[in-house]
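Participant: got a predicted model here, sequence first, then my questions.
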Amino acid sequence: MTDTTELLSQTMQIIAVSPNEAARLCSIGRTTLYAALSTGELKSVKIGTRRMITIDAIRAWLQRNEQKFGE
């Protein structure tokens with residue numbers, strides 16, 4: 001497993017990550033991430049038995065959940 005700094009530097013080349021890596025990138029817990037996946041709020045791709053989340057889907061999900069300071 002890679003550390004967060006290394007993972008962030010690789011995101012320029014990586015187009016999809018595992019749910020665990022996505023949670024680490026967003027600095028949130030796996031439970032929160034899996035809840036977003038189960039409701040369909042965060043889109044993912046399943047290839048065989050592997051679930052992947054595109055970097056674009058993560059960015060869009062974060063933007064949809066963005067709030068102004070104090071809200």
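Facilitator: Structure's in. What do you need? Residues are numbered from 1 along each chain as shown.

Participant: how about low-confidence regions in the chain?
Facilitator: Under the criterion of pLDDT under 70, the regions of the chain flagged as low confidence span 1-2, 8, 10-12, 68-71.

Participant: at 90 instead, please
Facilitator: The model of the chain has pLDDT under 90 over residues 1-14, 66-71.

Participant: ok, Ile53 - contacts?
Facilitator: Shown in contact with Ile53 (C-beta atoms under 8 Å, 6 or more residues apart in numbering): Ala16, Val17, Ser18, Pro19, Ala22, Leu37, Leu42, Lys43, Ser44, Val45. Every residue, glycine included, has its C-beta placed from N, CA and C.

Participant: of all pairs in the residues you listed, which one spans the longest distance?
Facilitator: Ser18 and Lys43 (14.6 Å; C-beta to C-beta).

Participant: all strands for the protein, in order.
Facilitator: Assigned by DSSP state E, the strands in the chain fall at 16-17, 45-47, 50-54.

Participant: run through who's touching stretch 55-68.
Facilitator: Contact with stretch 55-68 is made by 11, 14-17, 22, 25-26, 36, 41-44, as judged by C-beta under 8 Å, 6+ apart.

Participant: among those residues, which lie within helices?
Facilitator: Judged by DSSP state H, helices contain the following of those: Ala22, Leu25, Cys26, Ala36.

Participant: among the strands of the chain, which is the most enclosed?
Facilitator: Across the strands of the chain, averaging neighbours per residue (mean count of other C-beta atoms under 10 Å) puts strand 16-17 on top, at a mean of 19.

Participant: mind listing residues that contact that one?
Facilitator: When contacts are defined by C-beta under 8 Å, 6+ apart, strand 16-17 is touched by residues Leu7, Leu25, Val45, Met52, Ile53, Thr54, Ile55, Ile58.

Participant: can you do 6 Å?
Facilitator: Residues lying outside strand 16-17 but in contact with it, judged by C-beta atoms under 6 Å, 6 or more residues apart in numbering, are Met52, Ile53, Thr54.
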